[in-house]
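> Sequence plus the predicted model coming up.
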Amino acid sequence: MSSDLQPEDPAVSRRLRRLAGTPVDTTALDRALLSAIPRPATRVAAQSAAPSAVWFSRSRALIATAASVSVVSAVILVLALASRPALAEPGSMADLHRDLVSGRLPMTRVSSIGQANALLSSFWPDAPGVPSLPALPEDLDMACCLRDVKGRRVVCVVLDDNGTPISIIVAPKSDLRPTPNPNSPPCQTMTHNRGDINMLMKERDGVFICIMGRVSPDRLQAIADSMRY
């Protein structure tokens, strides 16, 4: 058989040499092979993880929005509570009376209610004035100061009533309100007792007033009735 192909060997060699130098385009073959090969598992996993990333991003945005709404609501609630009058609890008021009459709190000595009002208004221009007490002697031994009750500023005056110290606390009605007494009928004047301290709370002309001392409720009522606004 090889003897039969011998005459054509030079021609075949020439063809082979020409084919070896001819460029061959394999792009179509490459595309066909790649389409037949399955995609790697990592690419599929990345595609499946994409929705989770989007969900996580949206969840963080929702959490941030909810937190902002909570903060705004809390601020609004605090402002609303701060604008409401605080309740003058008898226990807190009795503690204030004890601190005032014991000398634990610094106070300024004055000779009249008018002098006390003038002095305190120099520190607090909008301070409510303590009502005058014309039924009491003019040369009473008294002292005054400004204190805080439940975060509200109040005017405090301590005077001597026949040897017994009486404290008078005055504040705007918009800042403090009397504590109702469930054992007494509804009225403008509330009476309470804490230990040996009796107290009378009332509102008059937009002002909260609390009178306290180790005296009878009737004596407190008589002092309240003698006040001139």
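Looks like it arrived, so ask away.
> Following element in sequence after the strand or helix carrying residue 147, please.
In the assignment (DSSP states H and E), residue 147 maps to strand 142-149. Later in the chain than strand 142-149, the nearest helix or strand by DSSP H and E is strand 152-161.
> Extract the CA atoms of that next one and return them as PDB.
Extracted in PDB, the C-alpha atoms of strand 152-161 (Å, rounded to 0.1, in the frame of the first residue of the first chain):
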ATOM      1  CA  ARG A 152     -40.900  72.800  89.900                       C
ATOM      2  CA  ARG A 153     -39.600  76.000  91.500                       C
ATOM      3  CA  VAL A 154     -41.600  77.100  94.600                       C
ATOM      4  CA  VAL A 155     -41.600  80.000  97.000                       C
ATOM      5  CA  CYS A 156     -41.100  79.100 100.600                       C
ATOM      6  CA  VAL A 157     -41.800  81.300 103.700                       C
ATOM      7  CA  VAL A 158     -41.500  80.200 107.300                       C
ATOM      8  CA  LEU A 159     -43.100  82.300 110.000                       C
ATOM      9  CA  ASP A 160     -43.600  82.000 113.800                       C
ATOM     10  CA  ASP A 161     -47.100  81.400 115.000                       C
END
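> And it, what's buried?
Using 16 or more other CB atoms under 10 Å as the test for burial, strand 152-161 gives 152, 153, 154, 155, 156, 157, 158, 159, 161. Where you see a C-beta, it was placed from the backbone N, CA and C, and this is true even at glycine.
> What sits closest to the second one if chain neighbours are left out?
What it means is residue 153. Leaving aside its chain neighbours, residue 153 sits nearest to residue 146 (6.0 Å; criterion: CB to CB, 6 or more residues apart in numbering).
> got a list of what the one you found touches?
120, 123, 124, 127, 153, 154, 155, 156 (CB atoms under 8 Å, 6 or more residues apart in numbering).
> tell me which residues form a beta bridge with it?
Taking DSSP bridges as the rule, residue 146 bridges to residue 155.
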